[in-house]
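Colleague: pasting the sequence and the predicted model now:
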Amino acid sequence: MSVGEVAADVSAATQPEGIPSDYRAGFVAACRIDERLAQRYVAHTMIGDPLADQVIAFLSTLPPDQGQAMIRRGIETGAAGLADAPRVLRDFFAASEAVPAWFDAGATLPGCRAFHRHSQMFLGAFVAAVLIEGFSTLISKSFSITGRMVDQGVRRLKQNNRHVVEIFLPGGLERDGDGWALSVRIRLMHARIRQLLNVSEEWDRAAWGTPLSSAHIAYATAVFSGLLLKRVGMLGVTLTEEERQSFMMVWRYAGHLMGVAPDLLFEDEAGALRLCEIGGMCEPPPDFESQILANGLINSAPIVAGITEPRARRKLVRKIYGVSRGLIGDARADALGYPPRGRVGYLGAVRLKNRFDQMLWRMSPALERRSRAAQFQQMLEVSFYGQEGIDYRIAAHLHAEKDRLHTEKGRPHSETGGPS
């Protein structure tokens, strides 16, 4: 069924019986606020990414090494290097290389500079808030079943960090940039996991819709952009209007490359926040899988930062919980099974320090340059950079544990990557 057919079916229904059962109560409530967007969102919970799904369906008929070689050739050389490949593959990369009329590479530079000026806070809010808020949706089912956050959480977190770093490097989203390559790779990896989940007995399509659905990829992109700007603002980071618009353009184009459907791809910060609001209302309350992912993510963060000494790790975990609770609110924190609110006001302390730092930087540009250099080094340390560059292998098995066993036997398979 096409996107248009699903949307028409949902729009025509006076009752939400035609949509996945876990979305029905939230859909009714969301319709009272914005009926058209709620209908569009739930329609997309029932579809994936048709173009990428067709590519993966074809690649699955080939030996793994041959499929990997085609992905590598397509990402590194593009449609021009696939003259002998089937049309479905050539069409996919031709569409990926087509730059939308709204994208202006030069206009992304203020956003890139703002990100690197405050990269520590952006990555902090990314881990302590927006990743967790993304996992509060039914997308948690996909990650819980595959085990790709529970079994390999540290590696996954570093991969997410690397993607964010690369798209905010000047030129990172150009055709030969690593941000472009990672975004397209993420789209294909999502399609592969979607394929595996679709044929798994563990996936309840009637209740949850399509795994890694079009709605969830759009929601994640909106969370990582508009909601991230809101969260770093709560940490005391202030950006100009030009920087905010530029930041949103970076994520809008990254979302386009990751396959976000045009009718759910935001145009600006307000549009992204609206999608977060309405999409969040359509989603059911966080469940056990969301709790596992959110708490596992927080407990993985110190290891990603290189802190392994038990006492220091516990101290940092307490701080992250405190900041996270302050950012996402008590209601969501309690629903996710966070420890009770402590007596220390971690969020207020972070906000005060950031505002003091920004005042110092205005007085001394040299201090800002040194801070930016130090933050960039820290950012690289918490990101995953393999010795062989970008890995183009796709998962052979639904469960991460089986892929890890193959890795140990000398037949490695990659996990999925990115904002899901």
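Modeller: Sure, I can see it. Numbers count the residues shown, from 1 in each chain.

Colleague: which positions within the one helix or strand residue 91 maps to qualify as buried?
Modeller: Secondary structure from DSSP states H and E places residue 91 in helix 87-97. Residues of helix 87-97 classed as buried by neighbour count (16 or more other CB atoms under 10 Å): 89-90, 92-93, 96. (Glycine included, C-beta is placed from N, CA and C.)

Colleague: helices or strands up against it?
Modeller: Counting contacts by 3 or more CB pairs under 8 Å, 6 or more residues apart in numbering; DSSP states H and E, helix 87-97 is packed against helix 50-59, helix 64-77.

Colleague: redo that, cut-off 6 Å
Modeller: Where contact means 3 or more CB pairs under 6 Å, 6 or more residues apart in numbering; DSSP states H and E, helix 87-97 is packed against helix 50-59.

Colleague: list the buried residues for the helix it packs on?
Modeller: 52-56, 58-59.

Colleague: between the residues you listed, which is closest to residue 250?
Modeller: residue 52 (21.3 Å; CB to CB).

Colleague: residue contacts, the closest one?
Modeller: 187-188, 191, 259 (CB atoms under 6 Å, 6 or more residues apart in numbering).

Colleague: which of the buried residues of helix 50-59 lies closest to residue 166?
Modeller: Distances from residue 166 to these, taken by CB to CB, are shortest for residue 52, at 19.7 Å.

Colleague: which pLDDT value belongs to the nearest residue to that closest one once chain neighbours are set aside?
Modeller: The shortest distance from residue 52 to any non-neighbouring residue, by CB to CB, 6 or more residues apart in numbering, is to residue 191 (3.9 Å). The predicted structure scores residue 191 at 96 on the pLDDT scale.

Colleague: surely residue 191 meets residue 54?
Modeller: No. Counting by CB atoms under 6 Å, residue 191 does not reach residue 54; the two are 8.7 Å apart.

Colleague: number of nearby residues for the closest residue to residue 213 other than its chain neighbours?
Modeller: Excluding the flanking residues, the one nearest residue 213 by CB to CB, 6+ apart is residue 45, at 4.8 Å. When neighbours are defined as other CB atoms under 10 Å, residue 45 has 26 of them.

Colleague: how close does residue 45 get to residue 212?
Modeller: From residue 45 across to residue 212, the span is 11 Å (CB to CB, to the nearest Å).

Colleague: sorry, back to before: do you know the pLDDT at the residue nearest to residue 213?
Modeller: pLDDT recorded at residue 45 is 97.

Colleague: about what we covered before: which strand or helix spans the residue nearest to residue 52?
Modeller: Per DSSP H and E, residue 191 falls inside helix 178-198.

Colleague: elements contacting that helix?
Modeller: If you count contacts as 3+ CB pairs under 6 Å, 6+ apart, helix 178-198 packs onto helix 50-59, helix 153-167, helix 241-257.

Colleague: and if we set it to 10 Å?
Modeller: helix 50-59, helix 64-77, helix 87-97, helix 139-146, helix 153-167, helix 205-208, helix 214-222, helix 241-257 (3 or more CB pairs under 10 Å, 6 or more residues apart in numbering; DSSP states H and E).

Colleague: in JSON lines: those, plus mean pLDDT and distance to residue 122.
Modeller: Shown next, in JSON lines, are these (pLDDT from 0 to 100; distance: least, CB to CB, whole Å):
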{"stretch": "helix 50-59", "mean pLDDT": "96", "distance to residue 122": "28"}
{"stretch": "helix 64-77", "mean pLDDT": "89", "distance to residue 122": "26"}
{"stretch": "helix 87-97", "mean pLDDT": "93", "distance to residue 122": "26"}
{"stretch": "helix 139-146", "mean pLDDT": "88", "distance to residue 122": "21"}
{"stretch": "helix 153-167", "mean pLDDT": "79", "distance to residue 122": "8"}
{"stretch": "helix 205-208", "mean pLDDT": "96", "distance to residue 122": "31"}
{"stretch": "helix 214-222", "mean pLDDT": "97", "distance to residue 122": "15"}
{"stretch": "helix 241-257", "mean pLDDT": "98", "distance to residue 122": "9"}
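
Colleague: what's the angle from the helix holding residue 191 to helix 153-167?
Modeller: When axes from the mean of the first three to the mean of the last three CA atoms, to 10 degrees is applied, the directions of helix 178-198 and helix 153-167 differ by 140 degrees.

Colleague: ranges for the helices of the stretch 251-400 of the chain?
Modeller: Remark: helices assigned in the stretch 251-400 of the chain by DSSP state H, counting those that start in this stretch are 269-282, 288-304, 310-328, 330-335, 346-363, 365-381, 400-408.

Colleague: so what does the next helix-or-strand element following the helix holding residue 91 touch, helix or strand wise?
Modeller: Using DSSP H and E, the helix or strand that follows helix 87-97 in sequence is helix 109-117. When contacts are defined as 3+ CB pairs under 10 Å, 6+ apart, helix 109-117 packs onto helix 119-125, helix 153-167, helix 228-234, helix 241-257, helix 365-381.
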